[in-house]
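In: Predicted model and sequence follow; I will ask about them next.
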There are 2 protein chains.
Amino acid sequence: MKQKNKVFIATSLDGYIADRNGQIEWLLSIPNPENDDMGYKEFISGIDALIMGRNTFEVVCGFDEWYYEKHVFVLSNSLKAIPEKFRDKATLVKGDLKEVLAKIHEKGFHNLYIDGGKTIQSFLKEDLIDEMTITVIPYLLGGGISLFGDLMETLKFEAVNTKLFLNYIVQNQFVRKI
Amino acid sequence: MKQKNKVFIATSLDGYIADRNGQIEWLLSIPNPENDDMGYKEFISGIDALIMGRNTFEVVCGFDEWYYEKHVFVLSNSLKAIPEKFRDKATLVKGDLKEVLAKIHEKGFHNLYIDGGKTIQSFLKEDLIDEMTITVIPYLLGGGISLFGDLMETLKFEAVNTKLFLNYIVQNQFVRKI
């Protein structure tokens, strides 16, 4: 079975996933009168589980309701354990990424949603991302936390699809060039 | 007459216009078997003149043939004069950007192609860019010279068009939201 690691994320036009203060108010406040999900549900329906870092997990734990339908693997070397109330929904994983992936695949999860800036950068550093759907909020923030980081070598992707949403947002889809 | 300042530029997927060494070999070497100009000629036909910085101008001066059909304004506070052989093609301008623009408009040039990373950043810092066509070469370079820089405040654009070229390159067009 083909295993795939997929990214689905929004950035500003200048490539930031959060502003200078680490906040995403600029993203949450975009005009979206009919709550267009911009392909999110369709994307989620095609994945088996999520992998995210401790930061993203702790944000999600703070929400009133548990957010995800699919199982969440929390990638963290510092977190000791998943809080008891989330243990049916989330599993702690740590260590070498390829070994982590092998264990997750063994459990029957093959299409994985890789989420959170640091986690995505870790996966890219080991060339472990197969597909990226990037929704570009057309604002220049002028500073913040970048989606992409340093790499040891160039990674070539191919743009395979592009769509306009709400007459002002563009979403580009890329796949790793083999 | 409506005056517009337009950007037409290629970046890597991670937002770089040049690699870590300031080079664009990665851009010049992209597969393009039929030399698709990706809208360049059409864009150029809609502008009256270019504004670029000294760096870009000096690169262009080194080409075997003069590259541009339209007049070039070279924005530089350090350059003393345009070399004699280019004086019918290029004019030196310096000082405050709004004053520079007023002088260029007086000469009958209204639709301007703003080119070069530093020049584009200078214009964005004063909110003087109306339209941007950004051709995304889907490579992650992992470092280099960014198209966008620091800004004092968020600038909101709107995505108005998107196209795929050569089955792997995406070009997004943005206009400043009024």
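Out: Happy to help now that I have it.

In: Any regions of chain A where pLDDT drops low?
Out: A:1 (pLDDT under 70).

In: for chain A, which strand is longest?
Out: strand A:155-165 (DSSP state E).

In: Any buried residues in that strand, and which?
Out: Of all the residues in strand A:155-165, those buried under the rule 16 or more other Cβ atoms under 10 Å in any protein chain shown are A:155-160, A:162. Glycine gets a C-beta too; all of them are placed from N, C-alpha and C.

In: and that strand, what does it pack onto?
Out: strand A:169-176, strand B:139-140, strand B:155-165, strand B:169-176 (3 or more Cβ pairs under 8 Å, 6 or more residues apart in numbering or on different chains; DSSP states H and E).

In: Residue B:118 is nearest to which of the ones you listed?
Out: strand B:155-165 (17.3 Å; Cβ to Cβ).

In: How far does that closest one sit from its chain's centre?
Out: 16 Å (Cα atoms, centre = their mean, to the nearest Å).

In: Each with direction, which strands does that strand pair with?
Out: According to DSSP bridges, strand B:155-165 forms sheet pairs with strand A:139-140 (antiparallel), strand B:169-176 (antiparallel).

In: so which of the ones you listed comes closest to residue A:45?
Out: strand B:169-176 (24.2 Å).

In: Could I get the buried residue list for that closest one?
Out: Buried-residue list, strand B:169-176, by 16+ other Cβ under 10 Å: B:169-176.

In: Dump the strands paired with strand B:155-165 to JSON lines, plus distance to residue A:94.
Out: Shown next, in JSON lines, are those (distance: least, Cβ to Cβ, whole Å):
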{"stretch": "strand A:139-140", "distance to residue A:94": "36"}
{"stretch": "strand B:169-176", "distance to residue A:94": "36"}
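
In: so which of these comes closest to residue A:22?
Out: Taking these one by one with Cβ to Cβ, strand A:139-140 is closest: 16.4 Å.

In: which outside residues touch that closest one?
Out: Strand A:139-140 is touched from outside by A:12-14, A:26, B:124, B:148, B:151, B:154-157, with contacts defined as Cβ atoms under 8 Å, 6 or more residues apart in numbering or on different chains.

In: Just checking, which helix or strand succeeds it along the chain?
Out: strand A:145-146 (DSSP states H and E).

In: Could you spell out the sheet neighbours of that next one, each with its direction?
Out: strand A:16-18 (antiparallel).

In: thought residue A:116 was touching residue A:59?
Out: No. The pair residue A:116 / residue A:59 is not scored as a contact, 9.0 Å apart, by Cβ atoms under 8 Å.

In: More neighbours: which of these two?
Out: With neighbours defined as other Cβ atoms under 10 Å in any protein chain shown, residue A:116 and residue A:59 compare such that residue A:116 has more, 23 against 13.

In: Roughly how far does that one sit from chain B?
Out: 17 Å (Cβ to the nearest Cβ, to the nearest Å).

In: wait, what's in contact with that residue?
Out: Residues in contact with residue A:116 (Cβ under 8 Å, 6+ apart) are A:52-53, A:55-56.

In: Using JSON lines, please lay out those residues together with neighbour count and secondary structure.
Out: Shown next, in JSON lines, are the contacts of residue A:116 (neighbours: other Cβ atoms under 10 Å in any protein chain shown; DSSP: H, G, I helix; E, B strand; the rest coil):
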{"residue": "A:52", "neighbour count": "24", "secondary structure": "strand"}
{"residue": "A:53", "neighbour count": "20", "secondary structure": "strand"}
{"residue": "A:55", "neighbour count": "14", "secondary structure": "helix"}
{"residue": "A:56", "neighbour count": "19", "secondary structure": "helix"}
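
In: ok, of those, which one's closest to chain B?
Out: Distance to chain B, by Cβ to the nearest Cβ, is smallest for residue A:53 among the contacts of residue A:116, at 19.4 Å.

In: List the beta-bridge partners for the closest one.
Out: Residues in a beta bridge with residue A:53, per DSSP bridges, are residue A:75.

In: Quick check: nearest residue in space to the most centrally placed residue in chain A, chain neighbours excluded?
Out: Centroid-nearest residue in chain A, with Cα atoms, centre = their mean: residue A:115, separated by 2.3 Å. Closest residue in space to residue A:115, ignoring its immediate chain neighbours: residue A:52 at 4.5 Å, by Cβ to Cβ, 6 or more residues apart in numbering or on different chains.

In: Over to residue A:146?
Out: Per Cβ to Cβ, 6+ apart, closest to residue A:146 is residue A:15, 5.4 Å.

In: residues contacting the one you found?
Out: A:146-148, B:14-15, B:148.

In: What of residue A:93?
Out: A:51, A:73-75, A:100, A:103-104.

In: Quick check: the farthest pair among those?
Out: Those two in the contacts of residue A:93 that are separated most widely, counting by Cβ to Cβ, are A:74 and A:103, at 13.4 Å.

In: more neighbours, these two?
Out: Between residue A:74 and residue A:103, residue A:74 has the larger neighbour count (other Cβ under 10 Å), namely 24 against 13.

In: quick one: residue A:6 is in a strand?
Out: Yes. Counting by DSSP: H, G, I helix; E, B strand; the rest coil, residue A:6 is part of a strand.

In: Surely it touches residue A:110?
Out: No. Applying Cβ under 8 Å, one finds residue A:6 not in contact with residue A:110, separated by 11.0 Å.

In: Could you check which of the two is surrounded by more residues?
Out: Under the neighbour definition other Cβ under 10 Å, residue A:6 and residue A:110 were set side by side, and residue A:6 has more, 20 against 16.

In: Many thanks, have a good one.
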